[in-house]
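# next come a sequence and a model predicted from it.
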2 protein chains.
Amino acid sequence: MQEFQRQQTSPTYQNRHALENCTDGKIRAAFFISDGTAITAETLGRSILSQFASVPFITKVIPYVDTPERANFAVEQINTAYQEHGLLPLVFDTIVNDGIREIINSAQACNLDMYEGIIGRIAEEIQVAPDDQGGHAHSNVDSENYKARIEAVHFSLDNDDGARTRQYPMADIILIGVSRSGKTPTSLYLALQFGIRAANYPLTEEDLHEIQLPNAIKPYKDKLFGLVIDTERLAAIRNERRAGSRYASYAQCEQEQKAIQAIYASYGIPSLDVSEMSIEEIATRILQITGLKRRIG
Amino acid sequence: MQEFQRQQTSPTYQNRHALENCTDGKIRAAFFISDGTAITAETLGRSILSQFASVPFITKVIPYVDTPERANFAVEQINTAYQEHGLLPLVFDTIVNDGIREIINSAQACNLDMYEGIIGRIAEEIQVAPDDQGGHAHSNVDSENYKARIEAVHFSLDNDDGARTRQYPMADIILIGVSRSGKTPTSLYLALQFGIRAANYPLTEEDLHEIQLPNAIKPYKDKLFGLVIDTERLAAIRNERRAGSRYASYAQCEQEQKAIQAIYASYGIPSLDVSEMSIEEIATRILQITGLKRRIG
């Protein structure tokens, strides 16, 4: 295998702009490979690739590479990508088994083993040998985690969009906001990722007009958290759903946003502008702002 | 900082069982730190910690460490954990900014920078300098990805539990299974993680009794995917919901499972035993079995 230099300050890539055109617009393949779901390899790999925003990558996830046959098939796919695109593919892997990893390393690629080194350093530090078993990263079956997660998902579903309110005493948080401000995906992400029982309740035009909280949620004021969204973004999202409607008009969106922020202010409800955020970011920020504890992980 | 050996074959941790007691049951702290959501650091970090199943870790996620003040506060927390537990904490970080990372590295800890080396190796290979900006890992705002994801989540919600069937022509997949076999969380995960429009439909006792597909889903046979769950596990899950009921009895669960597997077999519906799997695993396996393409990522 080719040896790669690790020095971060190498003069060969100091001048980013001069180098950006090196690829001549060619697409480079990147693989995320694991003996499990490959979610870990993919998450870290994509995060690292995002540091090279100017490079056009084509990506492929190959999960469950847990036999020599599957490893050889993965190698074939990597080598084919090399032939097709003419650039050495990047291979991010989190394979624990030495034999399987050796097969993957035989591909014509720049191999980036994400565990290598880190596991060794930890073992050295804590003086415990690693278990050397793959694919266990996300096995939370039969655990309290699994139950908490399923319960939270069902809770969020049952309490989506103000469908019912009698379970609100059990809610960890109740998201409020105007229609299409991201309440539902955020509730579900909080449930799936953190096991948090997140209800959500839409404020109606009447609530907004009167600048007051509906009676149904007033008793739970301390659990409320408000979403705010940029007017243009909201109008764009609503236009996807009902193009040209009053509902999707800029004026309507603006009025609703102003009214809801007045409600947040008058009741002292913490809120977050989610316009520039992904669902992961919204959920993480909410935990940070509210101090809400995750139930899993 | 202390220097750690990287050799994987060091004799000091060859004999796992002899070494397992080295910690004397002491708890070791592990931190997942990032200038963004810290989801990447946490995902990889937990995956790596799962390789040391015998070690009791206490973990803490610190997101948005993007200023020297926040970095210093993180260092305080790490040092406090060291004093409290008496073992050097492990610090998994994905911080890109050099100044911030240096502050984190000043903590009394075993620092495990997950980007170090890998980003340098890629830059060297592809001859492009990294962007050197943190927190962008999950910024998929304003992209087609974001829209696809939101649409998929709303689709899955609207089509949960057989609530309606008129959108089935637009479904990518329709999960079927008995009550509490994991259809809903799997549908939502497929939507959130992969942007897949996943509906789900529960088979009733009558359907199961007659060993046939309900008319509502017969036209979509090619989109159906069946979940199978171990009888004991199903009974346990149902007992959490309605303890002691006929619904939760072993006999009832066994009968339903037999009937539904007969339906899968007679209609040639692909299926998966999800008993030992986390939601991530179920979703990933379904993609693998069906060849369904993710719409995002």
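Arrived safely, thanks for sending.
# quick check: closest non-adjacent residue to the residue in the stretch 151-297 of chain A positioned nearest to chain B.
Residue nearest to chain B within the stretch 151-297 of chain A (C-beta to the nearest C-beta): residue A:284, separated by 4.1 Å. For the C-beta atoms, the positions are set from N, CA and C on the backbone; glycine is no exception. Distance criterion C-beta to C-beta, 6 or more residues apart in numbering or on different chains; nearest residue to residue A:284, sequence neighbours excluded, is residue B:37 at 4.1 Å.
# ok, residue A:232 next?
residue A:250 (7.2 Å).
# what about the one you found, how many neighbours?
14 (other C-beta atoms under 10 Å in any protein chain shown).
# measure it to residue B:48 for me?
48 Å (C-beta to C-beta, to the nearest Å).
# same question for residue A:84.
33 Å.
# show me what contacts the residue nearest to residue A:232?
For residue A:250, the contact set (C-beta atoms under 8 Å, 6 or more residues apart in numbering or on different chains) comprises A:231-232, A:235.
# how about the contacts made by residue A:255?
residue A:208.
# averaged pLDDT, the helix or strand containing it. What do you get?
Assigned by DSSP states H and E, residue A:255 falls within helix A:250-267. Mean pLDDT, computed over helix A:250-267, is 94.
# for stretch A:39-56, same thing?
Here the average pLDDT along stretch A:39-56 is 87.
# now find how far off-centre that stretch is within its chain.
Remark: stretch A:39-56 is offset 13 Å from the chain centroid, using C-alpha atoms, centre = their mean, to the nearest Å.
# buried ones in it?
A:39-52, A:55 (16 or more other C-beta atoms under 10 Å in any protein chain shown).
# do the same with stretch A:92-111
A:92-97, A:100-101, A:103-105, A:107-111.
# ok, the residues you listed vs residue A:70, which is closest?
Distances from residue A:70 to the buried residues of stretch A:92-111, taken as C-beta to C-beta, are shortest for residue A:100 (8.2 Å).
# the residue nearest to the closest one when sequence neighbours are not counted: neighbouring residues, count only.
Closest residue to residue A:100 apart from its sequence neighbours, by C-beta to C-beta, 6+ apart: residue A:71 at 5.0 Å. Applying other C-beta under 10 Å, we find 25 residues neighbouring residue A:71.
# can you pull the contacts of residue A:71?
Contacts of residue A:71 by C-beta under 8 Å, 6+ apart are A:65, A:100, A:103-104.
# same thing with residue A:252?
residue A:246.
# could you measure from it over to residue A:209?
12 Å.
# residue A:293: neighbour count?
Residues within reach of residue A:293, counting by other C-beta under 10 Å, total 10.
# now it. Its backbone dihedrals?
Taking degrees, to the nearest 10, you get phi -90, psi 130 for the backbone angles of residue A:293.
# show the pLDDT at it.
pLDDT at residue A:293 comes out at 88.
# show me the helices in the stretch 51-200 of chain A, by range?
In the stretch 51-200 of chain A, the helices defined using DSSP state H, counting those that start in this stretch lie at A:68-85, A:98-105, A:118-126, A:144-158, A:183-194.
# need those in JSON lines (columns: mean pLDDT).
Listed next are the helices of the stretch 51-200 of chain A as JSON lines, based on pLDDT from 0 to 100:
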{"stretch": "helix A:68-85", "mean pLDDT": "97"}
{"stretch": "helix A:98-105", "mean pLDDT": "92"}
{"stretch": "helix A:118-126", "mean pLDDT": "86"}
{"stretch": "helix A:144-158", "mean pLDDT": "84"}
{"stretch": "helix A:183-194", "mean pLDDT": "92"}
